[in-house]
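Asks: Sequence first, predicted coordinates after that:
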Amino acid sequence: MTKISIENGNVIIPEGITEINRNTFTDEIKKEMKSVTIPSTVIKIGEYAFSGCTELSSIEIPQSVTEIGIGAFYECESLKTVKLPSTLNKIDDEVFGACFNLSEITIPDSVTEIGNNTFASCVKLKNVELPHSIKIIGYAAFFKCESLKKIEIPDSVISIGSYIFEYCKSLSEVVVSGNDIHGGAFGECKSLRKVILSSTVKKINRYAFFRCRRLKSIYISSSVESIEPEAFVGCNQLSDIVVDEKNKTFDSREKCNAIINTSNNEIVIGGNNTVIPLSVKAIGDMAFYYRTRLESIVIPAECIGYSAFGGCSELTSIEFTSPVTEIGQNCWRGCNNIESIIVPAGEKKYFRKVITKRLHDLIEEKG
């Protein structure tokens, strides 16, 4: 076995070694290692090779390295900077997971894939520039990167995993690419204010933007074909909603600040400032769920879905301009400040049947 030496915290790996693996360093060396010199003969850094080197603060990986294995630097708690070689095609699962002090990293434009949990819990990582070579970003790749403020996912990306940026509490603005935005992708991003979807996004899955409490603005590109009901659940400040005019599935007609399914005239997502157009026939399940700044609404629709206005705690005034044929369960659950419900002449009896009993005394007929 080739002897590995350490002097004043610096580990020197001899020339001739081609692979660094989890058995290369003794536990004593791992405890003392602050820096490391890797020779150009090394072509592979194996799984968990440096994992647990808690004093390692920086590393430069030579151009000879073409593969870095799963968890190679996992829990290197003092690691602050890393220079990656332009020979890498993939940054594997958990490679830099729980590197709590990693503040910056440059991803070379040779990389096409970022694995699962690759940078998870890198709580001091502030800036990441994703090259246009990236095609796949895995599950929870940047989970709980609490200092990350801005990210642009390039158009080259075709797949992003679930929970990719969940709990990135400083993330304020994002440009999103990829075919699908999976569940929890931006969940609990408490500072997120603006989202722009690129022309590659086709589907927004449920809980994609779960409880993004400061999200105010969303732009839906022409490519989006599917938005699931709970996609923006808990986004209580959502107010500025725009759908690209070239979108064939959805629209935001009359600058209504809502996402409407063009084929059936149903509101899929509403906001605090939504003015519902007269052409709207239905309000979808959870469409306005937890829009806590919505104060009044005029409803021309005939059908109102499950929990459509659930949690709208500041809603005080509701006016129906036409007869309603269906109101879903829990439609007004959590709407505890309603003061008046105006219904068309002759419709009061019907509305008392379909609206929860606690609101009966607030129903008045117009005219």
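Replies: Received, thanks. Residues are numbered from 1 along each chain as shown.
Asks: What helix or strand is V42 located in?
Replies: In the assignment (DSSP states H and E), V42 maps to no helix and no strand.
Asks: how far away is it from P14?
Replies: 10 Å (Cβ to Cβ, to the nearest Å). In this view, the C-beta of every residue, glycine as well, is placed from N, C-alpha and C.
Asks: what about those two, which has more around it?
Replies: V42 (19 against 12; other Cβ atoms under 10 Å).
Asks: residues touching the more buried one, list them.
Replies: Going by Cβ atoms under 8 Å, 6 or more residues apart in numbering, V42 touches 13, 17-20, 62, 64-65.
Asks: And the furthest pair within these?
Replies: Using Cβ to Cβ, the pair of the contacts of V42 lying farthest apart is E19 and P62, separated by 13.2 Å.
Asks: any weak-confidence spans in the stretch 151-300 of the chain?
Replies: For the stretch 151-300 of the chain, no stretch is flagged by pLDDT under 70.
Asks: secondary structure class for K349?
Replies: State at K349, reduced to three classes by DSSP: H, G, I helix; E, B strand; the rest coil: helix.
Asks: Could I get the pLDDT score of it?
Replies: Here, the pLDDT recorded for K349 equals 91.
Asks: remind me which residues of the stretch 1-150 of the chain are low pLDDT?
Replies: 1-2.
Asks: Any idea which residue is closest to the centre of the chain?
Replies: The centroid of the chain falls nearest to F186 when counting by Cα atoms, centre = their mean (1.6 Å).
Asks: Need the nearest residue in space to S221, chain neighbours excluded.
Replies: L197 (4.5 Å; Cβ to Cβ, 6 or more residues apart in numbering).
Asks: Look up phi and psi at that neighbour.
Replies: Main-chain dihedrals, L197, degrees, to the nearest 10: phi -100, psi 130.
Asks: Would you agree it is in contact with I220?
Replies: Yes. Taking Cβ atoms under 8 Å as the definition, L197 is a contact partner of I220 at 6.0 Å.
Asks: Now do the strands in the stretch 251-367 of the chain.
Replies: For the stretch 251-367 of the chain, applying DSSP state E, counting those that start in this stretch gives strands covering 258-261, 266-270, 282-283, 296-299, 303-304, 317-320, 326-327, 340-343, 363-365.
Asks: Adding mean neighbour count and distance to T106, write these out as CSV.
Replies: Putting the strands of the stretch 251-367 of the chain into CSV (neighbours: other Cβ atoms under 10 Å; distance: least, Cβ to Cβ, whole Å) gives the following:
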stretch, mean neighbour count, distance to T106
strand 258-261, 26, 37
strand 266-270, 26, 37
strand 282-283, 25, 47
strand 296-299, 16, 49
strand 303-304, 20, 51
strand 317-320, 19, 54
strand 326-327, 16, 55
strand 340-343, 18, 58
strand 363-365, 14, 62
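Asks: top of the contacts of V42 by neighbour count?
Replies: I20 leads these on contacts (other Cβ under 10 Å) with 23 neighbours.
Asks: ok, the nearest residue to G16 once chain neighbours are set aside - how many residues close by?
Replies: Excluding its sequence neighbours, the residue lying closest to G16 (Cβ to Cβ, 6+ apart) is T41, at 5.5 Å. Per other Cβ under 10 Å, the neighbour tally for T41 reads 14.
Asks: I38 too?
Replies: Neighbours of I38 (other Cβ under 10 Å): 18.
Asks: cool, K3 as well?
Replies: 5.
Asks: distance of it from G16?
Replies: Relative to G16, and taking Cβ to Cβ, K3 is found at 12 Å.
Asks: One more: V128?
Replies: For V128 relative to G16 (Cβ to Cβ), the value is 35 Å.
Asks: Contacts only, for I338.
Replies: 315-318, 332, 359, 362.
Asks: try 10 Å this time
Replies: Counting by Cβ atoms under 10 Å, 6 or more residues apart in numbering, I338 makes contact with 309, 312, 315-318, 332, 358-359, 362.
Asks: Next: F250.
Replies: 220, 222, 224-227, 243-244, 258-263, 268-269.
Asks: Just give me the closest of the residues you listed to I341.
Replies: For these, with I341 as the reference and Cβ to Cβ as the criterion, the closest is A258, at 20.9 Å.
Asks: thought the closest one was touching D251?
Replies: Yes. At 9.3 Å, A258 and D251 qualify as touching, with contact defined as Cβ atoms under 10 Å.
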